[in-house]
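Undergrad: give me a model of this one.
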Amino acid sequence: MHVSHLSLADFRSYARAEVPLDPGVTAFVGPNGQGKTNLVEAIGYLATLGSHRVSSDAPLVRMGADRAVIRAAVTHGARQQLVELELNPGRANRARINRSSQVRPRDVLGIVRTVLFAPEDLALVKGDPGERRRFLDELVTARSPRMAGVRSDYERVLKQRNTLLKSAAMARRHGGRSMDLSTLDVWDQHLARAGAELLAQRLDLIATLLPLADKAYEQLAPGGGPLGLAYKSSAAGEGGRSVDDGGARTREDLYEVLLSALAEVRKQEIERGVTLVGPHRDDVLLRLGDLPAKGYASHGESWSYALALRLASYELLRSEGAEPVLILDDVFAELDARRRERLAELVAAGEQVLVTAAVDDDVPGVLAGTRFAVSGGEVTRL
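TA: Numbers count the residues shown, from 1 in each chain. A predicted model of the protein is given here:
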């Protein structure tokens, strides 16, 4: 699979951009702040319905415009598809496939698949649990686009449940009448059902990803591992319930574990006005050798760890279907010469590899291919 053409309208710094793309390696080269990352960010958005740089759509719309459009022609073997997203901050986004009538934005998931590595990925190792949850859930959805609906259902139920808990907490604090919380049992069941599905997918992903990540780290930093990935569930509780390989693994088992955990913390939840148990509060513990990576890994080791997770994601998606577009956004400048060359050798044969760099010398010679100069909002093929 590869993107053969990218069109942008009022996206970030681009009033208009038309960029023909080839299979193999393509590098976008130009000084910082000229719009290189904006191009690959747009492709990443088509794959995930989100940006790797910001949490909302508003910054993606060019100043003075009220919407932005991302359109890409995508080639899967002999088949071509045209996918389009219209970003409307404050309103519902719109999507089209092959210029047909409007579809839901999440219906485009799976048409473009990407694995994107950027400086922000250092947060996978050093950042808070939300970064690691996002990594898992984006990869879960790339493997199975239907999970976008499950994630949406979970977030909707969580929001409704938190609203009820917050109202109950405020009533208690202000000495008001006790609220009728009989509907909380129903919300518990909905939350546990969607949560069990998401949890099962995350656990399967970690088990599948670990050997691939360990191999990738060994290729990048020989002798530096092994890596460890362990799921830390908020449902484990003091009773020691397990959701990993040694405990509940079926969706029904996980549903019961979550229901039980919610019942145990209900008093605290009503006091605090927030849901304390569920996938939205879980984490992944990353280990390097015998130590936690967070707080113990050096800067270089943390970079290699994050990159190993992305390379493992790439290999996993390749093994399960159409090869994803690999995006390396300003990565080589952050790596030492040894890791730079090893990474380049590992990815050079990819069906489509998109690289951004401030100067041409930052792109290793083995990544010969198409070059674009990016300057002042203009994208010029060299």
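Undergrad: quick one: contacts for Ala344?
TA: 332, 364, 366-367 (C-beta atoms under 8 Å, 6 or more residues apart in numbering). Any C-beta I mention is one placed from the backbone N, CA and C, and that applies to glycine too.
Undergrad: and those residues as CSV, adding neighbour count and secondary structure?
TA: As requested, the contacts of Ala344 are exported to CSV (neighbours: other C-beta atoms under 10 Å; DSSP: H, G, I helix; E, B strand; the rest coil):
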residue, neighbour count, secondary structure
Phe332, 22, helix
Pro364, 21, coil
Val366, 14, coil
Leu367, 21, coil
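Undergrad: and the two most separated of those?
TA: Phe332 and Val366 (11.4 Å; C-beta to C-beta).
Undergrad: TSV for the contacts of Ala344, including pLDDT and distance to Asp282?
TA: Putting the contacts of Ala344 into TSV (pLDDT from 0 to 100; distance: C-beta to C-beta, whole Å) gives the following:
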residue	pLDDT	distance to Asp282
Phe332	89	33
Pro364	91	37
Val366	91	39
Leu367	92	37
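Undergrad: just give me the closest of these to Ala27.
TA: Distance to Ala27 across these (C-beta to C-beta) is lowest for Leu367, with 6.9 Å.
Undergrad: quick one: low-confidence ranges for this protein?
TA: Low-confidence segments of the chain (pLDDT under 70): 175-180, 237-248.
Undergrad: grab the longest helix from it for me.
TA: Secondary structure of the chain per DSSP state H: the longest helix is helix 184-220.
Undergrad: what comes up buried for it?
TA: Neighbour counts over helix 184-220 (16 or more other C-beta atoms under 10 Å) mark 184, 187-188, 190-203, 205-206, 208-210, 212-220 as buried.
Undergrad: distance from the chain centre to it, please.
TA: Chain-centre distance of helix 184-220: 13 Å, with C-alpha atoms, centre = their mean, to the nearest Å.
Undergrad: what's the neighbour count on the residue nearest to Arg113 when sequence neighbours are not counted?
TA: Leaving aside its chain neighbours, Arg113 sits nearest to Pro324 (3.9 Å; criterion: C-beta to C-beta, 6 or more residues apart in numbering). Counted with other C-beta atoms under 10 Å, residues neighbouring Pro324 total 23.
Undergrad: so Pro324 makes contact with Glu315?
TA: No. Using C-beta atoms under 8 Å, Pro324 and Glu315 do not qualify as a contacting pair, with a distance of 10.1 Å.
Undergrad: how many residues are close by Gly130?
TA: Gly130 has 13 neighbouring residues, counting by other C-beta under 10 Å.
Undergrad: make that Leu316, sorry
TA: Per other C-beta under 10 Å, the neighbour tally for Leu316 reads 19.
Undergrad: now the helices for the stretch 51-200 of the chain?
TA: Along the stretch 51-200 of the chain, counting by DSSP state H, counting those that start in this stretch, helices occupy 123-126, 129-143, 147-173, 184-220.
Undergrad: possible to save the ones you listed as TSV with distance to Glu264?
TA: What follows is the helices of the stretch 51-200 of the chain, written out as TSV (distance: least, C-beta to C-beta, whole Å):
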stretch	distance to Glu264
helix 123-126	31
helix 129-143	21
helix 147-173	15
helix 184-220	11
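Undergrad: go through the ones you listed and name the closest to Arg96.
TA: Arg96 lies closest, by C-beta to C-beta, to one member of these: helix 147-173, at 17.3 Å.
Undergrad: elements contacting the closest one?
TA: Helix 147-173 is packed against helix 129-143, helix 184-220, helix 266-272, with contacts defined by 3 or more C-beta pairs under 8 Å, 6 or more residues apart in numbering; DSSP states H and E.
Undergrad: okay, now the sheet partners of the helix or strand just after the second one, with direction.
TA: Read it as helix 184-220. Next along the chain after helix 184-220, taking DSSP states H and E as the criterion, comes strand 227-232. Under the criterion DSSP bridges, strand 227-232 sits next to strand 283-288 (antiparallel) in its sheet.
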